[in-house]
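Visitor: Need coordinates for the following:
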Amino acid sequence: MSDTETPTETPSTTLYVSPIADPLMGGKLNARAMKLVKKAATSKNLRRGVPEVLKAIRKGQKGMVLLAADVYPVDVIAHVPAYCEKKGIPYAYVPSRQAL
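Guide: Now for the predicted structure:
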């Protein structure tokens, strides 16, 4: 391969997605969610980590929960969607933990 040729193959990055990751955000909705996360982080209204999120839900704080779909093991976050449904908090999965 000379210096002027460009490689024709692009490496595909397939992310792990846990079997419980439903509803999974994608495309434009995912981009909007990431923008919302950045805005919440700058205004100090972001809760990170399972214990902190569950504490905020228990105290009745309003908002939505974004979970990473590539968390392994799944047992770490498996109980969060059920708790959100019980309390009436909307939740969704984003494809990557790194993005959060």
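Visitor: what sits against Gly63?
Guide: Remark: with contacts taken as CB atoms under 8 Å, 6 or more residues apart in numbering, Gly63 is in contact with Asn45, Arg47, Ala56, Ile89. No exception for glycine: its C-beta is placed from N, CA and C like everyone else's.
Visitor: what's it sitting at in phi/psi?
Guide: Gly63 adopts backbone torsions of phi 150, psi -160, taken as degrees, to the nearest 10.
Visitor: measure the closest residue to Leu46 other than its chain neighbours to Asp75 for me?
Guide: Using CB to CB, 6 or more residues apart in numbering and skipping the chain neighbours, the partner closest in space to Leu46 is Ala40 (4.3 Å). In this structure, Ala40 and Asp75 are separated by 27 Å, where distance is defined by CB to CB, to the nearest Å.
Visitor: Of those two, which one has the most company?
Guide: Counted by other CB atoms under 10 Å, Ala40 and Asp75 do not tie: Ala40 has more neighbours, with 15 against 8.
Visitor: Quick check: phi and psi on the more buried one?
Guide: Its backbone dihedrals place Ala40 at phi -70, psi -30, with angles given as degrees, to the nearest 10.
Visitor: all strands for this protein, in order.
Guide: Counting by DSSP state E, residue ranges of the strands within the chain are 65-68, 91-94.
Visitor: Tell me how many other residues crowd the residue nearest to Asp70 when sequence neighbours are not counted.
Guide: When the adjacent residues along the chain are set aside, Asp70 lies closest to Tyr16, with 4.8 Å between them (CB to CB, 6+ apart). The criterion is other CB under 10 Å. On that basis, Tyr16 has 12 neighbouring residues.
Visitor: cool, and Met25?
Guide: The criterion is other CB under 10 Å. On that basis, Met25 has 18 neighbouring residues.
Visitor: so it sits right up against Val94, yeah?
Guide: Yes - at 5.3 Å, Met25 counts as touching Val94 under the criterion of CB atoms under 8 Å.
Visitor: who touches both of the two?
Guide: Between them, Met25 and Val94 share these contacting residues under CB under 8 Å, 6+ apart: Ala33, Leu66.
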